[in-house]
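1. Quick one: sequence and predicted model below, then my questions.
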Amino acid sequence: MAGNRCGYVVASEDLIQAMTKVATHTFYSTPTAAQIAALHALGPAGDRWVREASSRYRSLGDTAAELLQENRPEGGTFLFLDLADYLNERKEPLERLLERCADQGLLLAPGPSFGPYPDHARLCFTAADPSVTLRGIETLAAILGRA
């Protein structure tokens, strides 16, 4: 249920009141589909899925790290790639590399979206079917000259 988000806001009382009006009518109750998904996630079907998914994604993460010549992930669902050497060598901004990847059907999240990481990109290896993800990893390895 990774798409379910929660958080908080620190703001003036006027802004909080306005946001509460919007939130009350947007998120008033948990949608039935989300309640059913949570119920399944907490039961035997969810336990089975977690075991299978953990194994599948651990293997895919290890394969991604090997193909991209990176350290294996320690349990996350992505690789956070430091591309500074690649970008500096080619005198290319991160945005251009991301555009070239997108032109080949590979979408990477730009590092600056996660903080002060101007030369990083995030590759999530759980966002698509493993066969599709593997093709994307192979595409990235070829682009980076690591294939």
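-> The structure has been received and is ready for your questions. As the structure is a computational prediction, the values presented were derived from the model and not from experiment. Residues are numbered from 1 along each chain as shown.

2. Poorly predicted segments of this protein, please.
-> 1-7, 24-30 (pLDDT under 70).

3. Which parts of it are helices?
-> Secondary structure of the chain (DSSP state H): helices at 13-26, 32-41, 44-68, 84-90, 94-103, 130-143.

4. and the last one, what other elements does it pack with?
-> It stands for helix 130-143. Counting contacts by 3 or more CB pairs under 8 Å, 6 or more residues apart in numbering; DSSP states H and E, helix 130-143 is packed against helix 44-68, helix 94-103, strand 120-124. (Glycine included, C-beta is placed from N, CA and C.)

5. So what touches that helix?
-> 56, 60, 63-64, 67-68, 97, 100-101, 104-106, 108, 123, 125-128, 147 (CB atoms under 8 Å, 6 or more residues apart in numbering).

6. Among the residues you listed, name the buried ones.
-> Leu60, Thr63, Ala64, Leu67, Leu68, Leu97, Cys101, Leu106, Leu108, Leu123, Phe125 (16 or more other CB atoms under 10 Å).

7. would you turn these into JSON lines with distance to Pro116?
-> Below are those laid out as JSON lines (distance: CB to CB, whole Å):
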{"residue": "Leu60", "distance to Pro116": "28"}
{"residue": "Thr63", "distance to Pro116": "29"}
{"residue": "Ala64", "distance to Pro116": "24"}
{"residue": "Leu67", "distance to Pro116": "27"}
{"residue": "Leu68", "distance to Pro116": "22"}
{"residue": "Leu97", "distance to Pro116": "18"}
{"residue": "Cys101", "distance to Pro116": "22"}
{"residue": "Leu106", "distance to Pro116": "24"}
{"residue": "Leu108", "distance to Pro116": "18"}
{"residue": "Leu123", "distance to Pro116": "19"}
{"residue": "Phe125", "distance to Pro116": "24"}
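
8. Spatially nearest residue to Pro112 (excluding sequence neighbours)?
-> Spatially, and ignoring its direct neighbours in sequence, Pro112 is nearest to Pro118 (5.8 Å; CB to CB, 6 or more residues apart in numbering).
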